[in-house]
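In: Predicted model and sequence follow; I will ask about them next.
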Amino acid sequence: MVTRRKRKSTSLKGLGVKFGATVRKRYGAVYRILKKHRKCPSCGSKRFSRIALGIWHCPKCHFKVASGAYDISTQAM
């Protein structure tokens, strides 16, 4: 019996061949930074996440801070 190969799923949905490799690489870098798990600066919980563009929130201690769009630190990439 023939075994079929499973295709590796990618987290970069919606970016096909027409956008080019450079754009996909840049988008991938930003997307990985946005989705990584972070610790809350106030209580240390690992549930710290973005709720809107530039607004970060911890649901455990209700700490809210305005910062960068994709990361808490506003350093250049």
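Out: Happy to help now that I have it. Remember, predicted model here, so these are calculated numbers, not experimental data. Residues are numbered from 1 along each chain as shown.
In: Every contact and neighbour count from this point should use C-alpha atoms.
Out: OK.
In: So what would you say the end-to-end distance of stretch 56-68 is?
Out: 9 Å (Cα to Cα, to the nearest Å).
In: Give me the average confidence score over that stretch.
Out: For stretch 56-68, the mean per-residue pLDDT is 94.
In: cool, stretch 17-25 as well?
Out: In the prediction, stretch 17-25 has an average pLDDT of 86.
In: so how far does that stretch reach from one end to the other?
Out: 12 Å.
In: Check which residues of it are buried.
Out: For stretch 17-25, the buried set under the neighbour-count rule, 16 or more other Cα atoms under 10 Å, is empty.
In: Check stretch 23-42 too.
Out: Across stretch 23-42, burial judged by 16+ other Cα under 10 Å covers 28, 34, 38, 40.
In: so how far is residue 15 from the first one?
Out: Read that as residue 28. 10 Å.
In: Among the buried residues of stretch 23-42, name the ones in helices.
Out: Taking DSSP state H, the ones among those that sit in helices are 28, 34.
In: Kind regards, and thank you for your time.
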